[in-house]
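K.L.:
kindly generate the corresponding structure for this input.
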Amino acid sequence: MKNVSVRSLSVMLLLACAAQLAWAQDPAPAPPPSVHLTHTAMTAEFDFLLFGDEGMEPEYMRECAQEAFDAVDAMEQTISNWIDGSPTAVMNRDAGDRAVVVPPDLFSLMVTSKRFHEETCGVFDVTVGPLLKLWGFYGKSGGVPSPEEIKQSLQLVGMNRVELNKADRSVRFARPGMRVDFGGIGKGLAVDRAAGILQEKGIRSGRISGGTSSIIAWGSPPHGEGWTIDIRDPYVSGDIARPPLAKVVIRDEALSTSSNSEKFIEMNGKKYGHIFDPRTGMPAETNIVSATSVAPTGTESDAITKAFFILGVEGAKDYCKKHPKCRALLIVDHDGKPEVVKINFPE
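P.N.:
The predicted structure is shown next:
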């Protein structure tokens, strides 16, 4: 310090004091209020991670989340075909014999399902119930169905065989025995419904997952520009640790993933997945190991991910070309090795 003048030392001390005062007056901003809650519905765990504005009480956020949970439960009571007396169960029971007037939410879902059926060349089809039942996904045991049994079941499949009358909000099946199953779109609709309620309540950002297959996110988490979702390796089962094959960042979007690695039945030593090609009546046979879709809504992402799984790379490219707000990330099998194919993602 011998070469430092008194004047210079005084300036240094003043600067140090000023910096200390500024630090004391401007501490690091407090993190935004947040809550993390879970809820069981539709045979899945719904996971809510929510962030509010400064000053928002966590208790208020929990009340908002409960309202969203209640909406998901109410929706399940409408669209589940496993709840006796639900509007969907009544529709499945009676619409083959007569036109059935259904609640607005159910009619709207039928209209939406028909639109996605048309836009995916018929491979997304909520009328696959007879095939799921035939193959044992409704609890039936037995062997692989015969070609004749499959042919007969296919006569009961097809949204083109469903008449939707907007004038009186009625549904009529062309043939008795047809059965709608919303398993391929229900969780996407549920996360949409929940996110809509939370945004109306002023929750500035959040991520909602419905089971392991459907996610919707809006806003951004603290210190982030979007929500990063890991796409796990579908070749690995159980709790084996393995780095994700890819990462996808979403913001004000929904993401859904379809794979046969978790839900299947085994007959005669062979595994048959739960995603059916309604054109053949068979579980989808494709080199797609998993299909991830990103779309503006959970309803759309949930529907088209099944279509991508069935149609493959070229079919996904065709859909995304017609719908530029949608993206696809496909894990393609090449002799047991995964290849990641991205569609409509920025370079």
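
K.L.:
just the buried residues of the helix ranked longest in the chain, please?
P.N.:
If you go by DSSP state H, the chain has its longest helix at helix 298-322. Applying a neighbour-count criterion of 16 or more other C-beta atoms under 10 Å, one finds 298-313, 315-317, 319-320 buried in helix 298-322. The way it works is simple: take the backbone N, C-alpha and C, and place the C-beta from them, glycine included.

K.L.:
isn't Gln310 up against Ala284?
P.N.:
Just to correct that, residue 310 is Ile rather than Gln. Yes: assessed by C-beta atoms under 8 Å, Ile310 is found in contact with Ala284 at 4.6 Å.

K.L.:
between the two, what contacts are shared?
P.N.:
Ile275, Asp277 (C-beta atoms under 8 Å, 6 or more residues apart in numbering).

K.L.:
average pLDDT for stretch 143-161?
P.N.:
For stretch 143-161, mean pLDDT is 94.

K.L.:
ok, residues contacting it?
P.N.:
Contacting residues not belonging to stretch 143-161 are listed as 113-114, 117-118, 122, 125-128, 130-131, 134-135, 173-175, 177-179, 267-268, 272, 278, 280-282 [C-beta under 8 Å, 6+ apart].

K.L.:
what do you get if the cut-off is 6 Å, keeping everything else the same?
P.N.:
For stretch 143-161, the surrounding residues in contact (C-beta atoms under 6 Å, 6 or more residues apart in numbering) are 114, 117, 125, 127-128, 130-131, 134, 174-175, 177-178, 267, 278, 281.

K.L.:
one more: stretch 69-84?
P.N.:
Stretch 69-84 is contacted from outside by 39, 41-42, 86-89, 92, 105-106, 182, 186, 190, 193-194, 197, using C-beta under 6 Å, 6+ apart.

K.L.:
so which of those residues belong to helices?
P.N.:
Among the contacts of stretch 69-84, the members falling in helices (DSSP H) are Pro87, Thr88, Ala89, Asn92, Asp105, Leu106, Gly186, Ala190, Arg193, Ala194, Ile197.

K.L.:
which residue is the nearest non-sequential neighbour of the third one?
P.N.:
Here the nearest residue to Ala89 in space, its sequence neighbours aside, is Asn81; by C-beta to C-beta, 6 or more residues apart in numbering that works out to 5.3 Å.

K.L.:
three-state assignment of that neighbour?
P.N.:
coil (DSSP: H, G, I helix; E, B strand; the rest coil).

K.L.:
would you map the strands across the stretch 201-347 of the chain?
P.N.:
Using DSSP state E, counting those that start in this stretch, the strands found in the stretch 201-347 of the chain span residues 205-210, 214-218, 227-231, 246-250, 253-259, 264-267, 270-273, 276-277, 282-283, 288-295, 327-334, 337-343.

K.L.:
picking up where we left off before, can I get the ones in helices among the contacts of stretch 69-84 in JSON lines with neighbour count, distance to Val294 and pLDDT?
P.N.:
What follows is those, written out as JSON lines (neighbours: other C-beta atoms under 10 Å; distance: C-beta to C-beta, whole Å; pLDDT from 0 to 100):
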{"residue": "Pro87", "neighbour count": "21", "distance to Val294": "31", "pLDDT": "98"}
{"residue": "Thr88", "neighbour count": "27", "distance to Val294": "28", "pLDDT": "98"}
{"residue": "Ala89", "neighbour count": "17", "distance to Val294": "33", "pLDDT": "97"}
{"residue": "Asn92", "neighbour count": "21", "distance to Val294": "32", "pLDDT": "97"}
{"residue": "Asp105", "neighbour count": "15", "distance to Val294": "25", "pLDDT": "96"}
{"residue": "Leu106", "neighbour count": "23", "distance to Val294": "27", "pLDDT": "97"}
{"residue": "Gly186", "neighbour count": "24", "distance to Val294": "19", "pLDDT": "95"}
{"residue": "Ala190", "neighbour count": "29", "distance to Val294": "18", "pLDDT": "97"}
{"residue": "Arg193", "neighbour count": "20", "distance to Val294": "19", "pLDDT": "97"}
{"residue": "Ala194", "neighbour count": "28", "distance to Val294": "18", "pLDDT": "98"}
{"residue": "Ile197", "neighbour count": "18", "distance to Val294": "22", "pLDDT": "98"}
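
K.L.:
turn those residues into a markdown table, including distance to Gly211.
P.N.:
Converted to a markdown table, the ones in helices among the contacts of stretch 69-84 look like this (distance: C-beta to C-beta, whole Å):
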| residue | distance to Gly211 |
| --- | --- |
| Pro87 | 23 |
| Thr88 | 19 |
| Ala89 | 22 |
| Asn92 | 23 |
| Asp105 | 21 |
| Leu106 | 21 |
| Gly186 | 10 |
| Ala190 | 10 |
| Arg193 | 15 |
| Ala194 | 13 |
| Ile197 | 19 |
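
K.L.:
widest-spaced pair of those residues?
P.N.:
Within the ones in helices among the contacts of stretch 69-84, Asn92 and Ile197 form the most distant pair, 28.0 Å apart (C-beta to C-beta).

K.L.:
follow-up on the earlier one: buried subset of the contacts of stretch 143-161?
P.N.:
Taking 16+ other C-beta under 10 Å as the criterion, what is buried in the contacts of stretch 143-161 is Lys114, His117, Asp125, Thr127, Val128, Pro130, Leu131, Leu134, Met178, Pro278, Gly281.
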